[in-house]
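J.: sequence and predicted structure below; questions after.
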Amino acid sequence: MATAQVVSEKNYLNESKGLWSWLTTLDHKRIGLLYMVAVLTFFLLGGLFAMLLRVELFAPGKTIMDASQYNQVMTLHGTIMVFMVIIPGIPAFLGNFILPLHIGAKDVAFPRINLLSWYCLITGASIAFFSLFKNGVDTGWTFYTPYSIQTSNGTTFVVLGAFVMGFSSILTGLNFIVTIHTLRAPGMSFWRLPLFVWALYSTAVIQVLATPILAITLLLIAAERLLGIGIFDPKLGGDPVLFEHFFWFYSHPAVYIMILPAMGVVSELITAFSHKTIFGYKAIAMSSIGIAAVSFFVWGHHLFVAGQSEVAGIVFSFITMLVGVPTAIKTFNWIATLYKGSIQFQSPMLFALGFLFLFTIGGVTGIILATIGVDVHFHDTYFVVAHFHYVMVGGTLMAIMGGIYYWFPKIFGRMYNEFWARVTFVLIFVGFNVTFYPQFVLGSMGMPRRYYDYLPEYTSLNRISSVGAWTIGTGFLIALFVIIHGLLKGKKAEMNPWGAKTLEWTTSSPPPHENFINEPIVTAGPYEYR
Amino acid sequence: MSLATVIASINTLFISVVSHAAGGSFMPPQGTKVAEKVDSLYRFLAGASVISCILVFASMCIFAYQYRRRPGVKSAYISHNTLAEFLWSFIPFCIFMVAFAWGWYVYHDLRTMPKNAFEVHVHGQKWNWTFEYKSGRKSAGELYVPVNTPVRMIMDSADVIHSFYIPAFRTKQDVVPGRYSNIWFDIEKPGNYQVFCAEYCGQGHSAMLAKIHALPKDKFDEWLQNDPYKGLTPVQVGEAVFKARCTACHNATAEKKVGPGLQGVFGHQVDLEGGDKVTADENYIRESILYPAAKIVKGFPNAMTPFLGQLGEQELSGVIEYIKSLQ
């Protein structure tokens, strides 16, 4: 789509040296890598806690920890995975690195704010970690009142940590919106943007509009704990259900902050490895915007049994069904892209197909949960746990893994080991289904979530689930070795090892400091495989 | 193993998974008419889900195999197809609307409280359920109700949010402090049904269980008139109360749980937070039950909900006698 660039010896990795040059860098690619290091570290921690939870749940009663330790580990797992891994995962890491390359820009619009947002994440995470470990916070990642007001003092700091991390999200979103509007290369009209950019744009809109609500809610909790203002605690005249409304008014759109960028990555992977133009470009782009818009009006489906009015429940059930339509459009368009393609099955494509498989199951079970008459039974059971892990892990994490392998040669200028990358796919994919499919069954049987102990009849399914979890864990550990091995010993990568068509593949691997030696001029759409 | 047997065994496995998923056979036995309606709707949803998944997975696998990269074969250039895109948005939309309307219909049944129902008050607190009948009878952890009678529960919480969940009736409702919420059911057959707390409420969350005993009408009326403690010694009364109200957090042995184990406590010195010591006599135990925050045992959180107003004098002295007997 643009002329090939001149290859230079200097690139963004060897441009300047030393830890200090990294910590003060304004290069979006380096900031992307800072995010990568942070997110992968958090992911290892969060994953470790998941493994511990599954050891405890291997048998009913006490296995390795007591109830309060279990609740703390459960809180750590949820808080880390949501606020520090899945929310910043794709936008701040892959998005930061790829977005300017995708649109032919030198950098994001506000490089200093971009760096500041990384420091916000690290500061917020440090505050949260300090308190999570020191005070043993056990509220779960949802901080429901009045439990979170009555329990240990650490909650205030965790909540403040999440507040600071929220700013990271807001600043990144703002930066991306301005970048996409102002820094596109000549000829890069909106309808020529890669679909990953459309997905990041929709995500950024949600980040900017929804995150402040969380910030205000968390501040209100801190105010209630410190100053005794009665907003949520009935003892002070407040209403705990109000907190649930506030919390989900952010946290439901946040679910789309987590999944929309993943959908963007999958659009890139499927078209690149099918060597075929994406089917229904405009429908996919617009469905991202559609999902983002509707996502603000479905929060009440988290309150079907919480005590909101019956009429509200029915209205929220209806609106939630509407989210299914753009999601179905995307899925069918990806499948149609495979039709008459010229498909290769390197590991990024395996992860994309794995995404399609798992995300479809996550999607249809989402419709089951949106059906209010059935949700009353499934609400707060393992059915819900299985559903959102199918979407968040089966969806988002599969896309992150696919994205890391896909852009690995561009980011580091080296190739990873394809055989072992495929092994990681098989372990993660199989392990994932072994872990979470039984949880649908457990939920149908009535096992509530966040249970330290369970009835004996749930034992065998919990065992299967634990074995699956350890399989996933093994898969991710091997993936870590594949990444490190590729970094140190990988073969040198070509400019465009996959034969893909988007702009980042027209510059050298790794790219030079300001991405393109000559500013690219765009003359056609992003997926011109003719 | 030949290819045919492999395919045959995969096929068998597949059919069993599909029929399980579509049949809703993992659901607990149905205790009410509404549960049957929920299950019919679930069967429809599960069936539609399985069919859509098979369509998606099959087309994905067939295309992936059929159009794998072959030398000299180029991909087709197909930008979009308006009719196909309309169909695969409109058909799912119609299915979603059926699910929505049917769900609304079932939800209406779940949430429309019958008039003239038999009413029971439910109190949730960390970490047990107690039930109060209009006859004045109370019970803890065990709810007795008549069959073939609509029963409405009026629920409140003393501390944090709990949720009253009966899987066999396919219904649950959060129990929120500061307001009443309600739930109803009409049990078809005598029997025992499991109750869970479904909203996370802390250390004892997974131990916050109860049983519903559905009795024939005459047996239930008999139960309602009974004095539960008739003919029992104070220690036996205390043991019954202890098992229903205290075991979520306290062992009758010396082993600690959420709170201290209570064997051998009576008559011995207790170390308190802040360095004080106290001898566990009747008055200390009484205070610790009614006003638990007054003295905190060293090494334990201030986590217990006050039992002031929740136990009758006979029950309270019974519990104290029972703790005295644990030597």
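T.: Here it is on my side, so go on.
J.: could you count how many residues lie near A:M81?
T.: Around A:M81 there are 25 other residues, counting by other C-beta atoms under 10 Å in any protein chain shown. All C-beta atoms are positioned from the backbone trio N, CA, C, and that covers glycine.
J.: name the helix or strand for the closest residue to it other than its chain neighbours, please.
T.: The shortest distance from A:M81 to any non-neighbouring residue, by C-beta to C-beta, 6 or more residues apart in numbering or on different chains, is to A:G46 (4.4 Å). According to DSSP states H and E, A:G46 maps onto helix A:28-56.
J.: surely B:R111 touches A:E310?
T.: Yes. Using C-beta atoms under 8 Å, B:R111 is in contact with A:E310, at 5.2 Å.
J.: which of these two has more residues huddled nearby?
T.: B:R111 (20 against 15).
J.: enumerate every residue touching that one.
T.: A:E310 (C-beta atoms under 8 Å, 6 or more residues apart in numbering or on different chains).
J.: what pLDDT is listed against it?
T.: We have a pLDDT of 93 for B:R111.
J.: against B:I183, how distant is it?
T.: Using C-beta to C-beta, to the nearest Å, B:R111 is found at 9 Å from B:I183.
J.: and for A:V85?
T.: Taking C-beta to C-beta, one finds A:V85 at 37 Å from B:I183.
J.: swap in A:S126?
T.: Remark: distance between A:S126 and B:I183 (C-beta to C-beta) = 44 Å.
J.: so, low pLDDT: which residues of chain A?
T.: Applying pLDDT under 70 to chain A picks out residues A:1-8, A:152.
J.: if I pick the residue positioned nearest the centre of it, what's in contact with it?
T.: Taking C-alpha atoms, centre = their mean as the criterion, A:I86 is the residue nearest the geometric centre of chain A, at 3.1 Å. Applying C-beta under 8 Å, 6+ apart, one finds that A:I86 lies in contact with A:258, A:392, A:396-397.
J.: considering those residues, which is situated nearest to A:M286?
T.: Of all these, A:M286 sits closest to A:M258, with 20.3 Å by C-beta to C-beta.
J.: measure the residue nearest to the closest one when sequence neighbours are not counted to A:F93 for me?
T.: Nearest residue to A:M258, sequence neighbours excluded (C-beta to C-beta, 6+ apart): A:I86, at 4.5 Å. Distance, A:I86 to A:F93, by C-beta to C-beta: 11 Å.
J.: grab the longest helix from the chain for me.
T.: Looking at chain A here, since you left the chain open. Assignment by DSSP state H gives helix A:240-274 as the longest helix of chain A.
J.: hmm, I had chain B in mind actually
T.: The residue-count maximum for a helix in chain B (DSSP H) belongs to helix B:33-66.
J.: thought A:W334 was touching A:I270?
T.: Yes. In this structure, A:W334 is within contact of A:I270 by C-beta under 8 Å, at 5.2 Å.
J.: residues in contact with stretch A:357-364?
T.: Identification of contacts with stretch A:357-364 by C-beta under 8 Å, 6+ apart yields A:324, A:327-328, A:331, A:387-388, A:390-391, A:393-395, A:398, A:429, A:432-433, B:48-49, B:52-53, B:56-57, B:60.
J.: CA atoms only: put it into PDB for me.
T.: The C-alpha trace of stretch A:357-364 is given here as PDB (Å, rounded to 0.1, in the frame of the first residue of the first chain):
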ATOM      1  CA  PHE A 357     -13.800 -20.800  19.100                       C
ATOM      2  CA  LEU A 358     -13.700 -19.700  22.700                       C
ATOM      3  CA  PHE A 359     -15.200 -16.300  22.100                       C
ATOM      4  CA  THR A 360     -18.200 -17.900  20.400                       C
ATOM      5  CA  ILE A 361     -18.800 -20.000  23.400                       C
ATOM      6  CA  GLY A 362     -18.400 -17.000  25.600                       C
ATOM      7  CA  GLY A 363     -20.800 -15.000  23.400                       C
ATOM      8  CA  VAL A 364     -23.600 -17.500  23.400                       C
END
